[in-house]
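One predicted model, sequence on top.
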Amino acid sequence: QIRWLRDNKWVDRQTRAIVIDFTSVNTNTELYAATHLKMELLPTGGWRNDARVKPMETFELRPESPTQYARLVAEITLITFVIFYLLVEVTVDF
């Protein structure tokens, strides 16, 4: 609905690209799909469209190999850092 974007002043004559990123999940198959859609106005006046879909499986918390243990440790570390810095930012602002 490009018309809605134009009517609400999200897109105007100076817009050169529209990018839409979203993630969908199918709980029956435990699959995620990260989708990237891009419409770009070329200098020649034409449009270049690009669509990428990256399917991903959910990660089970039952590691069975050393690489799965390493991934689990890395993800826990990342989550810890995100929560820590989120708390730092929240307490600094208030």
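Okay, I see it.

could you point out the longest helix in this structure?
When the chain is parsed with DSSP state H, its longest helix is helix 66-93.

Averaged pLDDT, it. What do you get?
Averaged over helix 66-93, pLDDT sits at 86.

Then stretch 41-55?
Stretch 41-55 comes out at a mean pLDDT of 90.

What are the contacting residues of it?
By CB atoms under 8 Å, 6 or more residues apart in numbering, the list of residues contacting stretch 41-55 from outside reads 15-17, 31-40. (C-beta placed from N, C-alpha, C; glycine too.)

Write the PyMOL selection for whichever of these are buried.
The following PyMOL line selects those of the contacts of stretch 41-55 that are buried, judged by 16 or more other CB atoms under 10 Å:
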select buried, resi 39
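
Looking at pLDDT only, which of the contacts of stretch 41-55 scores worst?
Among those, residue 31 has the weakest pLDDT, 83.

Was I right to think that residue contacts residue 57?
Yes. Judged on CB atoms under 8 Å, residue 31 makes contact with residue 57 at a distance of 6.1 Å.
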